[in-house]
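In: Structure for the following, please:
(chains A and B)
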Amino acid sequence: MSKLNKIARKSTWVDMTAFVDVSFLILTFFMLATKFKPPEVVNIDNPKSVSSEKVEDKDVFKVSFDKEGRVFVSFSADKDGREKAQLTAEVLGRQKGLGLTPAEISNFIKFSSGGIGVPVNQLKSFLGLSDTEYKAFKQPGIPVSDTLNNQLNDYINALLTGTGGRKPANVMLNGDNATTYPYFKNILSAFKKNGIFSFKLITAMEGVPSGTPLYKTQQTQGGKAAE
Amino acid sequence: MAAINTNDTRTARVDFTPMVDLGFLLITFFIFTTELSKPKAFGLHVPDDNDVLVPNQTIESATITLQMKGNGIVDYYEGFENHPIQKGSLTLYKQNSLRDHLVDKRKRIIEQLHTDSNYTVLIAPGIEASYKEIIDVMDEMRILDIRKYVLIDATAQK
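Out: Numbers count the residues shown, from 1 in each chain, chains lettered A, B, ... in the order given. Prediction:
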């Protein structure tokens, strides 16, 4: 009995040093590997594809559509994207007689990296919002369903008129799994009308099923690369 | 001097527990904010509707049309719709009979024409088809290495 008591009374000090080492190692990994998610006002669940092409983030014009069929346009936050956003706002304002002030145009540039999804006639009041109001505001989306009043067409037309026909280097479509085909079709027809025929669809990565032709090509290409 | 010496011989143990707590708290933070799998771009080129210069005829026996009905159901006909070589219904997700059928179709084309270079798939999504299904069918074209596939609009006619 006395022996047992002695063992129990020994201090239960655990050396935490190794634990600290491991936790900070993992921490360092995450800090280096991390790329902060860009703030998005719209929640989109992308479909998967076997494509392995990288998504560019320079000079991007992106059209997003969520599962309710709300359509948004956005520009990348780099120099080219901001310039194109500014030209779009100026031309759209002039074409539709919105009378946008310089402050509203600079708001357009700011909001355009997160997504703008309002009909043209609501654009002026929308651009009067503050940053916090913008985040809380539920945008109705750009109307595309009516072929005679496909307002995405107006946005794209303003963009190309502003740049003098110079197309953005990366035209991307960021769609949700559950969006139905008519929305996708109307978005494509708005682009087609303006002479843009090449897109990059944003997808999540998926493995190639084994035994299929693509799998075999990748295997042989991989073998060649290793040689 | 003597007092300092005794201090030195004592083991200087620091309690690291709070540091571990902090470390894991930060790890959790980074796990939640990080985006490890970067999205990939899927290139899509669509034809100009007004462009009449490009001949867009396909070989009847090497053409298959997929009508997407939604919920992973894909109806197909080979050749012309009014007198098809074969027609039926396939599924995209359960069992993926679409892939099997397209592989089989290629085999039959090679038997008949000795090449699959004219193998053409027309993809006609219906109004019920979701974006996910459209991408999955186009993805299937890449997986099966089918070079000629076109997204056609069949919703206006019906």
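
In: Please count neighbours and contacts with C-alpha atoms only from this point.
Out: Noted.

In: what about chain B, any weak spots by pLDDT?
Out: Residue ranges of chain B with pLDDT under 70: B:1-11, B:35-36, B:50-56, B:156-158.

In: now the helices: where do they sit in it?
Out: B:2-9, B:17-33, B:97-113, B:131-143 (DSSP state H).

In: Among those helices, show me which one is buried the most.
Out: helix B:131-143 (a mean of 21; mean count of other C-alpha atoms under 10 Å in any protein chain shown).

In: Of the helices of chain B, give the one that comes closest to A:G114.
Out: helix B:17-33 (17.2 Å; C-alpha to C-alpha).

In: CA atoms of that closest one as CSV?
Out: In CSV, the C-alpha atoms belonging to helix B:17-33 read as follows (Å, rounded to 0.1, in the frame of the first residue of the first chain):
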residue,chain,number,x,y,z
THR,B,17,0.3,24.3,-22.0
PRO,B,18,-1.0,27.8,-22.8
MET,B,19,1.4,28.0,-25.7
VAL,B,20,0.0,24.8,-27.1
ASP,B,21,-3.5,26.2,-26.7
LEU,B,22,-2.5,29.3,-28.5
GLY,B,23,-0.8,27.4,-31.3
PHE,B,24,-3.8,25.2,-31.9
LEU,B,25,-6.2,28.2,-31.8
LEU,B,26,-4.2,29.8,-34.5
ILE,B,27,-4.1,26.6,-36.5
THR,B,28,-7.9,26.4,-36.3
PHE,B,29,-8.1,30.0,-37.5
PHE,B,30,-5.9,29.3,-40.5
ILE,B,31,-7.7,26.1,-41.4
PHE,B,32,-11.0,27.9,-41.5
THR,B,33,-9.8,30.9,-43.5
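
In: Would you tell me whether that helix gets close to chain A?
Out: Yes - Helix B:17-33 reaches chain A (C-alpha under 8 Å from any C-alpha of the partner chain) through B:T17, B:M19, B:V20, B:G23, B:F24, B:L26, B:I27, B:F30, B:I31, B:T33.

In: about what we covered before: could I get the helices of chain B as JSON lines with distance to A:N46?
Out: Below are these laid out as JSON lines (distance: least, C-alpha to C-alpha, whole Å):
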{"stretch": "helix B:2-9", "distance to A:N46": "62"}
{"stretch": "helix B:17-33", "distance to A:N46": "18"}
{"stretch": "helix B:97-113", "distance to A:N46": "22"}
{"stretch": "helix B:131-143", "distance to A:N46": "8"}
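
In: For A:I196, find the nearest of the ones you listed.
Out: helix B:131-143 (19.5 Å).

In: Just list the residues touching the closest residue in space to A:E68 that isn't next to it in sequence, thanks.
Out: Distance criterion C-alpha to C-alpha, 6 or more residues apart in numbering or on different chains; nearest residue to A:E68, sequence neighbours excluded, is A:T179 at 6.8 Å. Residues near A:T179 by C-alpha atoms under 8 Å, 6 or more residues apart in numbering or on different chains: A:F65, A:D66, A:K67, A:E68, A:G69, B:S130, B:Y131, B:K132.

In: who touches the third one in this structure?
Out: By that I understand A:K67. A:I44, A:D176, A:N177, A:A178, A:T179, A:T180.

In: ok, and the most crowded of the residues you listed?
Out: Highest neighbour count within the contacts of A:K67: A:T180, with 25 neighbours (other C-alpha atoms under 10 Å in any protein chain shown).

In: In this structure it contacts B:I127, no?
Out: Yes - using C-alpha atoms under 8 Å, A:T180 and B:I127 qualify as a contacting pair, with a distance of 6.7 Å.
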